[in-house]
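> This is a predicted model, with the sequence first.
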Amino acid sequence: MSIRRLSRRSVLAATAASTLAAVLLAGCATNTTTAASTGDAAEAPGTGGTAIGFIFVGPKDDYGYNQAAYAGSQAVAAAYPDLEVLTAENVPEDDNATRVMESMIRKGAKIIFATSYGHKDPALKVAAANPDVVVLQQGNLVDGDVPPNFGTYFGTVYEPVYLAGIVAGKTTKTNKLGYVYAFPISQTLDNINAFQLGAASVNPDAKTYVVNTSSWCDPAKQAEATSSLLSQGVDVISQHQDCTATIIRTTEAAGAYTVGYHADASELAPTGWLTGSEWDWGPLYTKMVRTVLDGEFTGSEYNANFRVGLKTGDNPFVQSAYGPAVDEETKDLVEQAKAKISAEDGSPFAGPVVDQAGTVRVPADTIPDYQTIESIDYFVDGVVGQIPSS
Amino acid sequence: MIVDVLTGGVRGGTAILYAALGETIAERAGVINLGTEGSMLTGALAAYAVTAETGSPWAGVVAGAAAGGLLALVHAVMVLGRAANQLATGLVVLFLGLGLTSMFGAAYVGRAISPFQPYPVPLLADIPWLGPIFFQHDPLVYGSYLLAPAIWWLLYRSRVGLTIRGAGERGEVLTAYGHSPQLVRYLAVVTGGLLAGVGGAHLSTAYANAWFEGMTAGRGFIAVALVIFAAWHPLRAVGGAYLFGAALALSPALQARGLGFNQFALDALPYLVTIAALVLLGRRRSNAAPEGLSRVFELTPAK
Amino acid sequence: MTDTLVRPAPEQPKIVDNRAKLWPRVVVAVLAAPVIFGAFAAAKGVDPLAMYADMVRSLADPAQAQTVLVRASVLVLAALAVAVPARAGLLNVGGEGQIVIGAVCAAGVGLVTDQRLPGPVVLTLMIVAAMVGGAAWAGIAAGLRLTVKVNEAITTLLMNFIAIDIMLLLIYDPWKDASGFGQPASRPLEDTARLPLFVPGGTLNTGIVVAGIALVAIWWLMSRTGWGFRLRVVGGNPEAARRAGLRVGTLLVTSMLVGGALAGLAGLVHFAGTEFKLRPGMTANFGYVGFLASWLALHRPLRVASAALLLAAIAMAGDSLQIDANLPAASVNVLMAMVLLVVLGFTRRSKK
């Protein structure tokens, strides 16, 4: 063994040994954080902080989901200039999220927004460990009792998608609509079903062809998926992806119509843009923060599985502006449908709803509740495609 | 549907082909670079960024090649200059590429560029079947049609090729003739990275028209596997690359026609196909390996 | 027969035998990695000194430190999975896939039994299932190497992707948690079947004990048994081993099986210690970082522990990069790569 290598090894060993020592010492130290927080049970959760934390599952400029959430966080920053707004992008949906949130709490945050549905478990963990911090989780549902400092929230995204489906159904010349998605999760299935139901309500011959990419943002797969759909004669394409640009550009280049999602991307498709759905989280986020800061979070409507939609007003998911190809007749149809589903007994999924196999899933004259809708596991009749499910 | 799948195969396989051709040169000289994936990724980002800034996708390609070559240079220095293990260094270089592109690529996610446009070749594009499959693509694809035979000619019919293959088989023979095998290997590895960078550029400026973290999704690894599968022969690499591209294009093609298969089974298909191809052709191939490369595989160091 | 013997002398890295000249080089080398990474950070507008201060401070927190140990336990096993075959001269890049298959097998057995059998029994069954699954997955690659001579580096790498697809296939359909609101994940493991914690409410679980036992076992296996000795002979010079009558093929296969079993065990520790359910992306590069850790440690079992700890700490510090320095999470890969490049560059290949 050369002298050099001996030294290399010993330096590495020394570094590692000291790291180990430091880590063990630190790890064995009594966990002081829990002791401190249980002492302040009297104060309302979420008050007294100096910061608000937001964690995002992707990059903040993805032209889609995370960008919208980030915009919401900036709206909060503008509304509460005395509080620091902490943001972290690309936070994976696992234990890393727990630590990121804990770090934000250490930096003075008493309100945390976990903005992806996969952040639910870490969010619950953080809420349990820090009763004085309010943790709000975007997009998932909590079973059973909701902890006093926790809440989930989401908009009924499928409502604007249903309306967009009407526009798509009216505009298509080939009666073939396309939908590119990532994974067959309930949110996506709701969107696709709503899209098809909306289109079928004005155009019974319309069918929705679906292609998955197994990724929330893989531009190569998106390009391939879009080309396949276009080559089959599909002339209106929508999507449920985190990044939307590739699909829209490919569709526009082929002269087909685009229905957007997550963000207003009409500038990418000046001719083919029909409409879409986009997030406007600002007002909802700001309202929620206000409630928390007033000390009124526990027991409020937000301390639950909070869902906003057209029925309750201020749906954070709104319909995008119309493009040049949409005529007045279509817009009227949309207005009528909107009124219908905003009514007490209206819903995009108002019965009868039949699945691909012909089974009636929602009986006539009934509407499913949010819980049922967000647990959906089938495609409706008219959707062409398969999902692995029971 | 066959036409669609094959067209997708050519389009999607081009990026892999460029990387595989580059890696063929490097491995012929006796150096394996698992960091090819990293070179593709940095190439993709550099090309996208430069195209976004300058408006010219050709400038982007040049930048992509340079970036890929630069990363491969790191690999070459470590492996040739410091005698580090080739396989381990390749993976480390990959991590480096992943991290760097993530750090510096965030600004380009979602930014629009003016990409390569498809340019149908007059007359040839109208041939039924063959037309759409081969002659309605962007310029980089056409470039690869010329590159593959060019590299074949380079390796087997030119003095440069002889030098490269010599470096891979018996370096001391080169030394006897006054050439430096190390220099040849350096150049071969960097060239490999250059071409991988072009492949990455194709991915971001012609195929997907976007940049996203980790967008190569294993294509670089496939390219390395392909080189072995093709027995280090550039023309066979073409077939392999298109085969893999077709396997990738199969899933959307089936779905768009309403023919469903399990989503994840289809996703695994390209990798299964590659392994199957390696198995079927494996025995014959391994004997064709350059001598220097065999040493890398057989004597992975242990103490 | 080796390149080192036939290559002309000037190409060899020089051996420095003057100690006085040596230390500055080593110091420069060790500092080079953080300095270069600091330069990259500065290019992004981040103050490198503040960044490193934050990283160090984030590690001092007890919860963070415990997480480092938890991560390190999995990494140790993943690294051993690479180290054992490497001593025999094989390259196992399939740790990622073997970990997934291990977790899948553990989950399969665990979810069937955790509501019917007592905790320790379930845990034992899961351990066995995970090790068998991981070994089988690695065994496929080993078999391919022996029969059709396809190099295992490539096959194990490709099989990583296939393993992930298998897991996804399971959690989106047959194993999907019926009460999970349609989210793709398996039902959470019952409390009784999880790896027990050292301190209730803490983070550190007994996975570290599992890792420790495996570490000692592998050390003993490699340095104190005939099998280990024969393995090292094969790794040092397969041709000589063949001529000496050693059953090279069997040794290669068994080394891969052991490696796969260790990776499967890593999958179990991660599943039953931290995750408790299968979900997309759960393995988070443990396989690849384990590969790097093994190389850092030059495949010696006891050094693997320090390497795994170091890399786990760096990965953990990557969080601080995100929150405090506003760099993307993957930037920590650059630091890790830098550290490894430095170490790999100053390590001599063994002389034959």
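Yep, it's here. Numbers count the residues shown, from 1 in each chain, chains lettered A, B, ... in the order given.

> Could you check the pLDDT of the nearest residue to B:Gly193 once chain neighbours are set aside?
Leaving aside its sequence neighbours, B:Gly193 sits nearest to B:Ala72 (Cβ to Cβ, 6 or more residues apart in numbering or on different chains; 2.3 Å). All C-beta atoms are positioned from the backbone trio N, CA, C, and that covers glycine. The score at B:Ala72 is 95. That number is its pLDDT.

> next one: B:Ser204
At B:Ser204, pLDDT is 90.

> cool, and the one 3 residues further on?
Note for B:Tyr207: predicted pLDDT of 87.

> count of residues packed around it?
26 (other Cβ atoms under 10 Å in any protein chain shown).

> OK, contacts around it?
For B:Tyr207, the contacting residues are A:220, A:223, B:11-12, B:14-15, by Cβ atoms under 8 Å, 6 or more residues apart in numbering or on different chains.

> before we move on, back to that, any idea how far the residue nearest to B:Gly193 lies from B:Val190?
Distance, B:Ala72 to B:Val190, using Cβ to Cβ, to the nearest Å: 5 Å.

> Which one's more surrounded, these two?
Set B:Ala72 next to B:Val190 and count neighbours by other Cβ under 10 Å: B:Ala72 wins out with 33 against 22.

> ok so, going back, which strand or helix spans the residue nearest to B:Gly193?
Using DSSP states H and E, B:Ala72 sits within helix B:57-76.

> Just the buried residues of that helix, please?
For helix B:57-76, burial by neighbour count (16 or more other Cβ atoms under 10 Å in any protein chain shown) applies to B:57-58, B:60-76.

> Tell me how far it lies from the chain's centre.
The chain centre lies 13 Å from the centre of helix B:57-76; the measure is Cα atoms, centre = their mean, to the nearest Å.

> what packs against it?
Counting contacts by 3 or more Cβ pairs under 8 Å, 6 or more residues apart in numbering or on different chains; DSSP states H and E, helix B:57-76 is packed against helix B:36-54, helix B:86-105, helix B:181-202.

> and A:Glu328, how many residues sit next to it?
So A:Glu328, with other Cβ under 10 Å, has 7 neighbours.

> distance of it from A:Val360?
Using Cβ to Cβ, one gets 35 Å for the distance from A:Glu328 to A:Val360.

> what sits against C:Ile154?
C:Ile154 neighbours (Cβ under 8 Å, 6+ apart): B:221, B:224-225, B:228, B:278.

> which among the residues you listed are in contact with chain C?
B:221, B:224-225, B:228, B:278 (Cβ under 8 Å from any Cβ of the partner chain).

> now these: which count as buried?
B:221, B:224-225, B:228, B:278.

> rewinding a little: and the furthest pair within the contacts of B:Tyr207?
The span of the contacts of B:Tyr207, defined through Cβ to Cβ, is set by A:Ala223 and B:Thr14 at 12.8 Å.

> which of those two has more neighbours?
The residue with more neighbours, out of A:Ala223 and B:Thr14, is B:Thr14; 29 against 25, by other Cβ under 10 Å.

> unless I'm mixing things up, the more buried one is touching B:Tyr142, no?
No: if you go by Cβ atoms under 8 Å, B:Thr14 and B:Tyr142 don't touch, sitting 9.5 Å apart.

> Can you pull the residues of the stretch 201-303 of chain B lying near chain A?
Neighbours of chain A within the stretch 201-303 of chain B, by Cβ under 8 Å from any Cβ: B:203-204, B:207-213, B:215, B:217, B:248-249, B:251-253, B:255-258, B:260-264, B:267.

> Buried subset of the residues you listed, written for ChimeraX?
Of those, the buried ones go into a single ChimeraX selection, burial set by 16+ other Cβ under 10 Å:
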select /B:203,204,207,208,209,210,211,212,213,215,217,248,249,251,252,253,255,256,257,260,262,263,264,267
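
> Out of the residues of the stretch 201-303 of chain B next to chain A, which sit inside helices?
Judged by DSSP state H, these include B:248-249, B:251-253, B:255-256, B:263-264, B:267 as members of helices.

> got those residues as a markdown table, with distance to chain C and pLDDT columns?
Listed next are those as a markdown table, based on distance: Cβ to the nearest Cβ, whole Å; pLDDT from 0 to 100:
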| residue | distance to chain C | pLDDT |
| --- | --- | --- |
| B:Leu248 | 12 | 86 |
| B:Ala249 | 17 | 87 |
| B:Ser251 | 11 | 86 |
| B:Pro252 | 16 | 87 |
| B:Ala253 | 18 | 87 |
| B:Gln255 | 15 | 86 |
| B:Ala256 | 20 | 85 |
| B:Gln263 | 8 | 82 |
| B:Phe264 | 4 | 85 |
| B:Asp267 | 5 | 86 |
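
> What is the nearest of these to A:Thr213?
Nearest to A:Thr213 among those, with distances taken as Cβ to Cβ, is B:Pro252, at 7.8 Å.

> shouldn't the closest one be in contact with A:Val211?
Yes: counting by Cβ under 8 Å, B:Pro252 touches A:Val211, with 5.0 Å between them.

> I figured A:Val91 hits A:Ile55, correct?
Yes: between A:Val91 and A:Ile55 a contact is recorded at 4.4 Å, counting by Cβ under 8 Å.

> Can you list the low-confidence ranges for the chain?
All of this is about chain A. Residue ranges of chain A with pLDDT under 70: A:1-42, A:61-63, A:314, A:388-390.

> My question was about chain B, not that one.
The low-confidence ranges in chain B, as defined by pLDDT under 70, are B:282-288, B:294-303.

> in the longest helix along it, what's buried?
Counting by DSSP H, the longest helix found in chain B is helix B:2-28. Buried residues in helix B:2-28, counted by 16+ other Cβ under 10 Å: B:4-28.

> near chain A, from those?
Among those, chain A is touched by B:4, B:8, B:12 when using Cβ under 8 Å from any Cβ.

> Good, we can wrap up now.
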